[in-house]
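Visitor: Have a look at this fold, sequence not included:
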């Protein structure tokens with residue numbers, strides 16, 4: 001072998017090794033982002049729970065006092081507290097408890113969105129989304145409740161998934177309760193083709209599904225779930241510290257067989 005060929009192969013090996021290290025570093029940063037953000041979204045200690053009881057943001061003490069519970073169109077599960085995405089014929093079910101103000105939820109959605117869309121669109125997976133108001137309770141405000149209601153209104157219009165993704169793509173800083181403004185939620189809905197109608201705007205402004213969102217959060221508390229996102233595949237809670245999109249895809253495809 002000529003010296004030139006040896007040099008070329010050595011350079012190729014070095015480039016491959018560098019690329020692998022780069023990928024490992026990126027994966028480590030991704031996991032750190034999810035785990036670090038999740039700390040912010042974990043249900044607090046007793047002192048925080050005390051604040052929750054007095055908070056107007058929508059917690060267990062609020063239950064359904066704001067009006068009758070009106071589930072969005074097509075809601076499923078116990079008391080119709082879940083919004084389904086995907087074909088009913090899909091065997092595995094992924095249950096996701098999330099809060100539109102939660103940065104860890106945004107991190108999860110950002111990293112797993114393409115995988116979830118791929119599996120759902122292939123008819124391999126169905127997802128049940130449960131919307132909660134954890135950040136309203138912990139941080140104050142009503143953005144979790146208002147965004148949850150608006151997402152339920154989008155479900156009524158058959159546009160939940162698209163609007164769900166738009167909300168996460170435009171999530172404000174956790175301390176910024178921008179989603180508390182119905183006008184902001186309607187403005188974002190304008191990016192989803194055909195969503196903004198008089199019916200949708202009335203649904204958002206009237207808080208049609210407020211009590212439903214509050215009831216979902218009450219269920220979250222009753223089930224003693226500790227934080228958002230909580231992701232459950234066919235009854236088994238997934239460890240987001242070790243999960244990757246590839247691992248999730250493998251588990252779903254195995255469950256689909």
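Guide: That came in fine, so what should we check first? Note that the structure is predicted; figures quoted are calculated from it, not measured.
Visitor: only C-alpha atoms for contact and neighbour calcs from this point on.
Guide: Noted.
Visitor: how about the helices in the stretch 1-150 of the chain?
Guide: Here the stretch 1-150 of the chain has its helices, by DSSP state H, counting those that start in this stretch, at 3-40, 46-54, 103-121, 134-139, 143-156.
Visitor: Mean pLDDT lowest where, among those helices?
Guide: If the helices of the stretch 1-150 of the chain are sorted by mean pLDDT, helix 46-54 sits at the bottom with a mean of 32.
Visitor: So, low pLDDT: which residues of the stretch 51-200 of the chain?
Guide: For the stretch 51-200 of the chain, applying pLDDT under 70 flags the ranges 51-66.
Visitor: go again using 50 as the cut-off
Guide: 51-65 (pLDDT under 50).
Visitor: give me every residue that touches residue 70.
Guide: Residue 70 makes contact with 208-209, 211-212 under the criterion C-alpha atoms under 8 Å, 6 or more residues apart in numbering.
Visitor: what does residue 159 give?
Guide: 192, 195.
Visitor: With residue 129 instead?
Guide: Residues near residue 129 by C-alpha under 8 Å, 6+ apart: 82-85, 95-98.
Visitor: where does it sit relative to residue 223, distance-wise?
Guide: According to C-alpha to C-alpha, to the nearest Å, residue 129 and residue 223 sit 15 Å apart.
Visitor: re earlier: out of the contacts of residue 129, flag the one nearest to residue 233.
Guide: Proximity of these to residue 233 (C-alpha to C-alpha) peaks at residue 95, which lies at 6.3 Å.
Visitor: Give the bridge partners for the closest one, please.
Guide: In this entry, residue 95 is beta-bridged to residue 128, residue 232, by DSSP bridges.
Visitor: what sits against it?
Guide: By C-alpha under 8 Å, 6+ apart, the contact set of residue 95 is 127-130, 230-234.
Visitor: go on, residue 69?
Guide: Residue 69 is in contact with 209-212, 215, counting by C-alpha under 8 Å, 6+ apart.
Visitor: If any of those are buried, put those into a ChimeraX selection.
Guide: The buried subset of the contacts of residue 69, as determined by 16 or more other C-alpha atoms under 10 Å, is captured in ChimeraX by this line:
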select :209,210,211,212,215
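Visitor: Counting neighbours, what do you get for residue 89?
Guide: By the criterion of other C-alpha atoms under 10 Å, residue 89 has 10 neighbours.
Visitor: which residues does the closest residue in space to it that isn't next to it in sequence contact?
Guide: Using C-alpha to C-alpha, 6 or more residues apart in numbering and skipping residues adjacent in sequence, the residue nearest residue 89 is residue 123, 7.4 Å away. Going by C-alpha under 8 Å, 6+ apart, residue 123 touches 86-87, 89-90.
Visitor: same thing but 7 Å
Guide: Each residue near residue 123 by C-alpha atoms under 7 Å, 6 or more residues apart in numbering is listed here: 86-87, 90.
Visitor: again, but for residue 172
Guide: residue 178.
Visitor: ok, 8 Å please
Guide: Contact analysis of residue 172 by C-alpha under 8 Å, 6+ apart lists 101, 178-179.
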